[in-house]
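Q: show me the folded form of this:
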Amino acid sequence: MKLHESPSFFKVLIMDFNHQLRIPQDFSRELERVLVASTRATLRVSSGVTWDVKVEKMGDGNYKFTEGWGEFARDVGLKLGEFMAFWLVGKSLFDVAIFEVSGCDREFPLLDDDSVDDDVECGKHDAPDVMENKQHLKARVGSKKSPLYFEITLKNHQKSRLTLSKNFWEAAGLLGKQSVDLVYLPKHHKQNVVIDHRPPGNRLDLAAGWPTFRKANGLVIGKAYKFEFKPGKNVIQVQKLKTVK
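A: Below you'll find the model as predicted:
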């Protein structure tokens, strides 16, 4: 985890955190102008995946993450007693780190990583459900080692744009390109999609054209899809994956 010099706050998950999260008063007072202007915030974990949440001022004057927070909590699997750190790195962008009860910084591996390492020191005593998730992830990524390939399960926050992993866009040579063609198999429907370069960190998103491609080909939230860049054709091929049992 990289250290930040940005405005930050910390939370220990000891109360109801599954549906909303209160922002500490000291942080709210210091940056209330930012919070008032930004009715929505983006939460980003170390893998680059983001979630959109609502920033809402409550009757008691406190600010909370409300709408969208529940989805974030479910997706990352927040647990009682865990420790969270938030850094305000943009107008309404928060980098988020999650520390397990053991004190270890939770990692969010990219889906196109060559392997999922469950033998590092902080993972030796994972709970059974965490180990099951790791084994499932291994099954999904173990068959494809190429950095030009990745798999995702579509989530609600990916309806309007899709963040590409750094390993993938570096290998595909997408840095500096304004757009790329996506082809859905087996229909061979092609759609040109704008590449949105979003600093810091040279983050690349599939932006304008992605919603059109998703709707035209019937990509469904909750279903898994594979993406593979074909250098000879200069396209990204997209195909639905069979359910992993």
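Q: report the buried residues of the strand ranked longest in the chain.
A: Scanning the chain for the longest strand, with DSSP state E as the assignment, gives strand 189-198. Within strand 189-198, the residues scored as buried using 16 or more other C-beta atoms under 10 Å are Gln191, Val193, Ile195, Asp196, Arg198. Just so you know, the C-beta spots here come from the backbone N, C-alpha and C atoms, and that holds for glycine as well.
Q: and what of stretch 50-65?
A: Within stretch 50-65, judged by 16+ other C-beta under 10 Å, the buried ones are Thr50, Trp51, Asp52, Val53, Val55, Glu56, Tyr63, Lys64, Phe65.
Q: CSV for those, including pLDDT and distance to Trp210?
A: Compiled in CSV, the buried residues of stretch 50-65 are given as follows (pLDDT from 0 to 100; distance: C-beta to C-beta, whole Å):
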residue, pLDDT, distance to Trp210
Thr50, 80, 14
Trp51, 84, 17
Asp52, 86, 15
Val53, 90, 21
Val55, 90, 25
Glu56, 90, 28
Tyr63, 91, 31
Lys64, 92, 30
Phe65, 93, 25
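Q: and which of those is nearest to Ala207?
A: Thr50 (12.8 Å; C-beta to C-beta).
Q: kindly provide the distance from the closest one to Gly103.
A: For Thr50, the distance to Gly103 equals 26 Å [C-beta to C-beta, to the nearest Å].
Q: likewise Val76?
A: Distance, Val76 to Gly103, using C-beta to C-beta: 17 Å.
Q: neighbour count: the two, which is higher?
A: A count of neighbours by other C-beta atoms under 10 Å puts Val76 above the other of Val76 and Gly103, at 18 against 8.
Q: give me the phi and psi for that one.
A: Main-chain dihedrals, Val76, degrees, to the nearest 10: phi -90, psi -10.
Q: just the helices in this structure please.
A: Assigned by DSSP state H, the chain shows helices spanning 25-30, 32-37, 69-76, 128-141, 166-172, 210-216.
Q: what is the end-to-end distance of stretch 55-70?
A: With C-alpha to C-alpha, to the nearest Å applied, stretch 55-70 spans 13 Å between its terminal residues.
Q: can you point out the buried residues in stretch 170-188?
A: The neighbour-count check on stretch 170-188 (16+ other C-beta under 10 Å) flags Ala171, Ala172, Leu174, Val180, Asp181, Leu182, Val183, Tyr184 as buried.
Q: could you report the neighbour count for Val34?
A: Other residues near Val34 come to 16 when the count uses other C-beta under 10 Å.
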